[in-house]
Structures are given as C-alpha cells and as structure tokens.
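K.L.:
here is my input; please provide its structure:
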Amino acid sequence: QVQLVESGGGLVEAGGSLRLSCAASGGRLDSYTMGWFRQAPGKEREFVAAINGDYISQYYDDSVKGRYTISRDNAKNMMYLQMNTLKPEDTAVYYCALQFHGTWSRGRDYVYWGQGTQVTVSS
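P.N.:
I've put the predicted structure just below:
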C-alpha cells in the first residue's frame with residue numbers, strides 16, 4: 001500500500017517562499033508520475049505541477065509557471081515543490097499524489113493521495 005505524507009506548509013508573507021516535501025512509502029515508485037494539487041476554500045481541487053519518474057518531464061499550471069519548481073529524489077522516495085514569489089491566491093491545502101498512468105493534470109487519474117498541508121500567504 002502506497003502512502004504519501006506532505007510537510008513544509010505554513011504561513012508566509014506575499015513574495016516569500018516555501019518548500020513542500022512529499023514522502024512516499026510502499027515500494028519502488030520511481031517509474032510513476034507524481035504531482036501536486038491544491039484546493040482553496042470553496043473552490044475545486046486544481047492541478048499545480050507534475051513530474052515523471054525519469055526526472056526529465058515536468059509540467060506546470062500556467063498560474064505557477066516560473067514561480068514553482070517541482071523535483072523528486074527517487075533514491076529517497078521524495079518529491080518536492082519549491083514555491084517562490086508566493087501570492088495570496090496561492091493559499092490552499094496542497095496535496096501530493098501518484099498515478100500509474102493517465103493524464104498528468106487530471107486528478108482522477110491519480111490513485112494515491114496524501115493528507116495535505118496548509119499553505120497560507122498573507123498580503
């Protein structure tokens with residue numbers, strides 16, 4: 001059974017940075033795409049970024065492109081999201097997720113999800 005645990009969320013001022021981590025367990029996961037999603041109060045969950053197992057392919061939503069960087073360390077079964085130049089509209093619960101196959105931006109294609117970590121950006 002795959003388990004994903006996020007950490008690194010918190011309160012930061014606009015323009016600041018945070019680094020989220022996602023620890024994965026339950027087997028070798030380096031062949032699979034992993035992603036970050038977020039959900040703000042009263043809004044639907046939305047795709048943020050994803051990275052393939054080969055480290056080469058990375059995908060970002062336009063709203064975070066140029067500010068966020070997704071990375072992973074397969075040897076440690078870890079995934080990261082470096083978030084810079086944060087904006088109040090980035091405030092949300094951030095989730096990491098893993099898919100075996102499918103569309104990288106489609107939430108329903110992800111099989112395993114973490115419990116989420118809160119990111120709050122003050123103006």
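
K.L.:
measure the residue lying closest to Gly114 once chain neighbours are set aside to Pro88 for me?
P.N.:
Take Gly114 and drop its neighbours on the chain: the residue closest to it by CB to CB, 6 or more residues apart in numbering is Leu4, 3.8 Å away. Every residue, glycine included, has its C-beta placed from N, CA and C. With distances taken as CB to CB, to the nearest Å, Leu4 is found 27 Å from Pro88.

K.L.:
same drill for the two, tell me which one is more crowded.
P.N.:
Taking other CB atoms under 10 Å, Leu4 and Pro88 do not tie; Leu4 has more neighbours (23 against 11).

K.L.:
relative to Asn74, how far out is the residue lying closest to Gln58 once chain neighbours are set aside?
P.N.:
Setting aside the residues directly before and after it, Gln58 is nearest to Ile51 in space (CB to CB, 6+ apart), at 5.0 Å. In this view, Ile51 and Asn74 are 10 Å apart by CB to CB.

K.L.:
circling back: for the residue nearest to Gln58, name its beta-bridge partners.
P.N.:
Met34, Gln58 (DSSP bridges).

K.L.:
wait, doesn't it sit right on Asp73?
P.N.:
No. Counting by CB atoms under 8 Å, Ile51 does not reach Asp73; the two are 10.9 Å apart.

K.L.:
now do the shared contacts for these two.
P.N.:
Counting by CB atoms under 8 Å, 6 or more residues apart in numbering, the residues touching both Ile51 and Asp73 are Met79.

K.L.:
same drill for the two, tell me which one is more crowded.
P.N.:
Ile51 (23 against 12).

K.L.:
per-residue pLDDT of the more buried one, please?
P.N.:
Per-residue pLDDT puts Ile51 at 96.

K.L.:
need the contact list for it.
P.N.:
Thr33, Met34, Gly35, Ser57, Gln58, Tyr59, Ile70, Ser71, Arg72, Met79.

K.L.:
what subset of those is buried?
P.N.:
Among those, those classed as buried by 16 or more other CB atoms under 10 Å are Thr33, Met34, Gly35, Tyr59, Ile70, Arg72, Met79.
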